[in-house]
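1. have a look; sequence and predicted model below, questions after that.
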Amino acid sequence: MRAVVQRVLEASVTVNGEKVSAIGPGLLVLLGVGKGDTEAEVAWMVEKLATLRIFEDAAGKMNLSLEDTHRQLIVVSQFTLYGDARKGRRPSFIEAMEPVGAKALYERACEQLRARGLTVGTGIFAADMKVALINDGPVTILLETPGAAAAQAP
């Protein structure tokens, strides 16, 4: 799995002109599911997202997590995180998981985040979404489950 994690002051997802999710301060997570990802990758990513210390403490240091601050997150499915543009001009998406399996693992990740007591907004899987955000910092972190980088080695 791969994720682009952005600390935000606010974020929202709109589909067909209707706002389907909106949060105040928290995280916007673009989440990609790769071929071969399993429940183990979901568990790793959920743990990392919930406990990643990227919010400032009283001393101004990035020392607090979503769980520490009780902030919200929006998780948006993003198969294009598995786009490989090393050759040619059009990205190849062959390392992205097929839609049925990807949707199941994406939904599982959101369920597990909610089970930790977090407020989780989502997009609509496979929809044409408009994502709006106000970056905070900006702080943007790239996360990959341990096997994700090896899967796309040249």
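-> Sure, I can see it.

2. and the one helix or strand residue 49 maps to, how far out from the chain's middle?
-> Using DSSP states H and E, residue 49 sits within helix 39-51. Here the centre of helix 39-51 is set off from its chain's centre by 11 Å, with C-alpha atoms, centre = their mean, to the nearest Å.

3. can you pull the phi/psi pair for residue 124?
-> phi -120, psi 120 (degrees, to the nearest 10).

4. so what's it up against?
-> 13, 15, 20 (C-beta atoms under 8 Å, 6 or more residues apart in numbering). For the C-beta atoms, the positions are set from N, CA and C on the backbone; glycine is no exception.

5. of those residues, buried ones?
-> 13, 20 (16 or more other C-beta atoms under 10 Å).

6. could I get the full set of helices for the protein?
-> Here the chain has its helices, by DSSP state H, at 39-51, 66-69, 99-115, 148-151.

7. what's the longest strand in the protein?
-> In terms of residue count, the longest strand belonging to the chain (DSSP state E) is strand 129-144.

8. same question for that one, mean pLDDT?
-> Regarding strand 129-144, the rounded mean pLDDT is 97.

9. where does the residue nearest the centre of the chain land on pLDDT?
-> For the chain, the residue nearest the mean C-alpha position is residue 29 (2.9 Å; C-alpha atoms, centre = their mean). Looking at residue 29, its pLDDT is 98.
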